[in-house]
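S.K.: what shape does this take:
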Amino acid sequence: MSAPDWRITLADVVIGEAEHRAIDDVLRSGWLSMGPRTAEFERALGEKLEAQHVLAVTNGTAAIHLAAAALGLGPGDEVIVPALTFVAGAAGILQTGASVVLADSTSLDDFALDPAEVGRLAGPRTRALMVVHYGGYPADMDALAAAAAEHGLLLIEDAAHAIGASVNGRACGTLGDAGCFSFFPNKNMTTGEGGALVMRDRDRAERARRLRSHAMTTLTWDRHRGHASSYDVVGFGFNYRIDELRAALGLAQLARLDELNAARARLAERYRERLAGVDRLAMPSHGARGVSAHHLAVVVAESRRLRDRLATRLREHRIQTSVHYPAISRFTAYAHLEASVPRAEEIADRALTLPLHPRLTEAEVDLVCDTILGELGVP
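M.R.: The predicted model follows:
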């Protein structure tokens, strides 16, 4: 079966002359593996986030695994993870040998992890709490940080959707012990594949930096510059290095992040204007906390049947949609967790993700809304 010829895609990437020049400059330099542009990207990202310890890595899943490893999580430990998130959040924890405990969402209007779940689920083996800023909307970090502190838990932020989002002037991804970003092509900025890790503590950041490249004491770039002639291996590490091509692309994209996020915000507001007050359909506020990155535009239908009907009608009009996300509790590999997450599962049944990206036009948003309203019989 051939892929649909989408009239309006769910996501799209904005690439311009600055990105082309950045890639060409790297190719002309002759140095492609992790080196000076990666260091420059990390500095620029740190300035943007107002964070001291930033590591560029090969993807967002690697950032989560590296964060968990650098924080010392492992066999015998438990980590509370939202059931409504991409499966990489749980997988990155499991890769350390730690266990995952799935937590429920707050409500149909606020998909983020319910702070009350921390008290319900924390036990003697619980070492950490993972928070996801769903759709680019900041989670209730005041309540979640207080709950983590009360139970003596490390706090990991999955900020894959939230580059550019903030709470009380502080960037999402810098509010916990570790913050993890993804720069996959459907994200607010992209490096193709790629991600970043922010660590609050200097020593843990240095541990993560070493683990990123096989726990080696020096890197190829160091030896190329004559700063070292050999290296030691001081632990069991990984190959989570980013390359210069992706770092250069990230620098170009980071320079226009505010512009891209502002476009998303305008389009998201248009959706809200057009779909406000519609019976049998709602656009969640996600708590309306802080500044959103507006990564996703999601509506909640009154039933799964209606959600699927809307998705079918939009597809007939060659408009792409998706579901963010199937609840992790329903995946075969996680069924043994026996989680009680009714709100997350209900959201997974009723939520529909609509197109949202900076290349989208207001007229295209109107077409999406007109199609939805027409199916609902709203004039």
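S.K.: strands of the chain, start to end?
M.R.: Taking DSSP state E, the strands of the chain run over residues 54-57, 78-82, 99-103, 126-132, 154-158, 166-167, 170-171, 178-182, 195-199, 281-282, 297-301, 351-354.
S.K.: could the ones you listed be laid out in TSV, adding distance to Ala88?
M.R.: Using the backbone N, CA and C atoms, a C-beta is placed for each residue, glycine as well. Formatted as TSV, the strands of the chain follow (distance: least, CB to CB, whole Å):
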stretch	distance to Ala88
strand 54-57	13
strand 78-82	10
strand 99-103	12
strand 126-132	10
strand 154-158	8
strand 166-167	23
strand 170-171	21
strand 178-182	8
strand 195-199	10
strand 281-282	28
strand 297-301	19
strand 351-354	17
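S.K.: most tightly packed of the ones you listed?
M.R.: Of the strands of the chain, the one with the most neighbours on average (mean count of other CB atoms under 10 Å) is strand 178-182, at a mean of 29.
S.K.: which elements pack onto that one?
M.R.: For strand 178-182, the packing partners by 3 or more CB pairs under 8 Å, 6 or more residues apart in numbering; DSSP states H and E come out as helix 60-70, strand 154-158, strand 195-199.
S.K.: still on that earlier bit, would a markdown table of the strands of the chain with mean pLDDT and distance to Phe111 be doable?
M.R.: Shown next, in a markdown table, are the strands of the chain (pLDDT from 0 to 100; distance: least, CB to CB, whole Å):
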| stretch | mean pLDDT | distance to Phe111 |
| --- | --- | --- |
| strand 54-57 | 98 | 26 |
| strand 78-82 | 98 | 8 |
| strand 99-103 | 98 | 12 |
| strand 126-132 | 98 | 9 |
| strand 154-158 | 98 | 13 |
| strand 166-167 | 97 | 16 |
| strand 170-171 | 98 | 20 |
| strand 178-182 | 98 | 18 |
| strand 195-199 | 98 | 22 |
| strand 281-282 | 97 | 12 |
| strand 297-301 | 98 | 8 |
| strand 351-354 | 98 | 8 |
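S.K.: so which of these gets nearest Glu42?
M.R.: Ranking the strands of the chain by proximity to Glu42 (CB to CB) places strand 54-57 first, at 4.7 Å.
S.K.: helices and strands around that closest one, which ones?
M.R.: Using 3+ CB pairs under 8 Å, 6+ apart as the test, strand 54-57 ends up in contact with helix 36-49, helix 60-70, strand 195-199, helix 202-211, helix 244-255.
S.K.: can you redo the ones you listed as JSON lines with distance to Ala301?
M.R.: Below are those laid out as JSON lines (distance: least, CB to CB, whole Å):
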{"stretch": "helix 36-49", "distance to Ala301": "36"}
{"stretch": "helix 60-70", "distance to Ala301": "29"}
{"stretch": "strand 195-199", "distance to Ala301": "32"}
{"stretch": "helix 202-211", "distance to Ala301": "41"}
{"stretch": "helix 244-255", "distance to Ala301": "34"}
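S.K.: of those, which is nearest Ala282?
M.R.: Evaluated over those, closeness to Ala282 peaks at helix 60-70, with 28.9 Å, by CB to CB.
S.K.: just the CA trace of that closest one, in CSV.
M.R.: Below are the C-alpha coordinates for helix 60-70, written out as CSV (Å, rounded to 0.1, in the frame of the first residue of the first chain):
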residue,chain,number,x,y,z
GLY,A,60,16.8,11.8,22.9
THR,A,61,16.6,8.2,24.0
ALA,A,62,20.4,8.2,24.5
ALA,A,63,19.9,11.4,26.6
ILE,A,64,17.5,9.6,28.9
HIS,A,65,19.6,6.5,29.3
LEU,A,66,22.8,8.6,29.8
ALA,A,67,21.0,10.7,32.5
ALA,A,68,19.8,7.6,34.3
ALA,A,69,23.3,6.0,34.2
ALA,A,70,25.0,9.2,35.3
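S.K.: go through that helix and flag the buried ones.
M.R.: For helix 60-70, a neighbour-count test (16 or more other CB atoms under 10 Å) marks Gly60, Thr61, Ala62, Ala63, Ile64, His65, Leu66, Ala67, Ala68, Ala69, Ala70 as buried.
S.K.: likewise stretch 197-209?
M.R.: For stretch 197-209, burial by neighbour count (16+ other CB under 10 Å) applies to Leu197, Val198, Met199, Arg200, Arg204, Ala205, Arg207, Ala208, Arg209.
S.K.: so, low pLDDT: which residues of this structure?
M.R.: Within the chain, the segments meeting pLDDT under 70 span 1-3, 219-229.
S.K.: can you pull the contacts of Leu94?
M.R.: For Leu94, the contacting residues are Val100, by CB atoms under 8 Å, 6 or more residues apart in numbering.
S.K.: out of everything not next to it in sequence, what's closest to Gly92?
M.R.: Among residues not flanking Gly92 along the chain, Ile64 sits closest, at 3.0 Å (CB to CB, 6 or more residues apart in numbering).
S.K.: I figured that neighbour hits Val87, correct?
M.R.: No: the pair Ile64 / Val87 is not scored as a contact, 10.9 Å apart, by CB atoms under 8 Å.
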